[in-house]
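**Student:** starting from these lines, generate the structure:
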Amino acid sequence: MEFSTIWAPRILSVLRIVDGLILLQYGTAKLFGWPAVEIFENLKWLSLFGIAGMFELVGGTLLILGLFTRPVAFILSGEMAAAYFIEHFPRGFFPILSEGDLAVSLCFTFLYLAFAGGGPWSLDAVMRKET
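**Tutor:** Numbers count the residues shown, from 1 in each chain. Take a look at the predicted model:
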């Protein structure tokens, strides 16, 4: 079997886990103040940022586990699109200038995961009895 054929599904799982960890840190920073991020200090849980933090905390955790990957990734793709258009786009069209590059990258990565699934190293695969 070819190297890329063997490793492509596994790297899909690694991509899901790493992006889940990235998203999870935003959720914990917003909701629990860890790691401490100045812009998220005194954040109200029911504010727009607080609700986004809830999506990021729960969604990031589910992505790390690879549980309900497709629907979770689809929802998170929408959240990242909203984050870009609400927070970054008003400051400029180009993501590099509006600091929206991470939101755009995560949006399209999550959209990809919504179609590709969580890969073999996921609870979704275990529940389908794949290895």
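**Student:** residue contacts, the residue lying closest to Val37 once chain neighbours are set aside?
**Tutor:** Nearest residue to Val37 in three dimensions, chain neighbours excluded: Ala29, at 4.6 Å (C-beta to C-beta, 6 or more residues apart in numbering). C-beta coordinates here come from the backbone N, C-alpha and C atoms, glycine included. When contacts are counted by C-beta atoms under 8 Å, 6 or more residues apart in numbering, Ala29 touches 35-37, 40, 53.
**Student:** again, but for Gly60
**Tutor:** Shown in contact with Gly60 (C-beta under 8 Å, 6+ apart): 20-27.
**Student:** give me the secondary structure label for it.
**Tutor:** At Gly60, secondary structure determined by DSSP: H, G, I helix; E, B strand; the rest coil is helix.
**Student:** neighbours of the nearest residue to it once chain neighbours are set aside, just the number please.
**Tutor:** Take Gly60 and drop its neighbours on the chain: the residue closest to it by C-beta to C-beta, 6+ apart is Leu24, 3.2 Å away. Number of residues near Leu24 (other C-beta atoms under 10 Å) recorded here: 19.
**Student:** helix or strand: which one has Leu24?
**Tutor:** helix 3-32 (DSSP states H and E).
**Student:** list the buried residues in that helix.
**Tutor:** By neighbour count on 16 or more other C-beta atoms under 10 Å, the buried set for helix 3-32 is 9, 12-13, 15-17, 19-20, 22-31.
**Student:** centre of the chain to it, how far?
**Tutor:** With C-alpha atoms, centre = their mean, to the nearest Å as the basis, helix 3-32 stands 8 Å off its chain's centre.
**Student:** average pLDDT across that helix?
**Tutor:** For helix 3-32, mean pLDDT rounds to 97.
**Student:** swap in stretch 90-106?
**Tutor:** The average pLDDT for stretch 90-106 rounds to 97.
**Student:** stretch 75-87 too?
**Tutor:** Rounded mean pLDDT across stretch 75-87 is 98.
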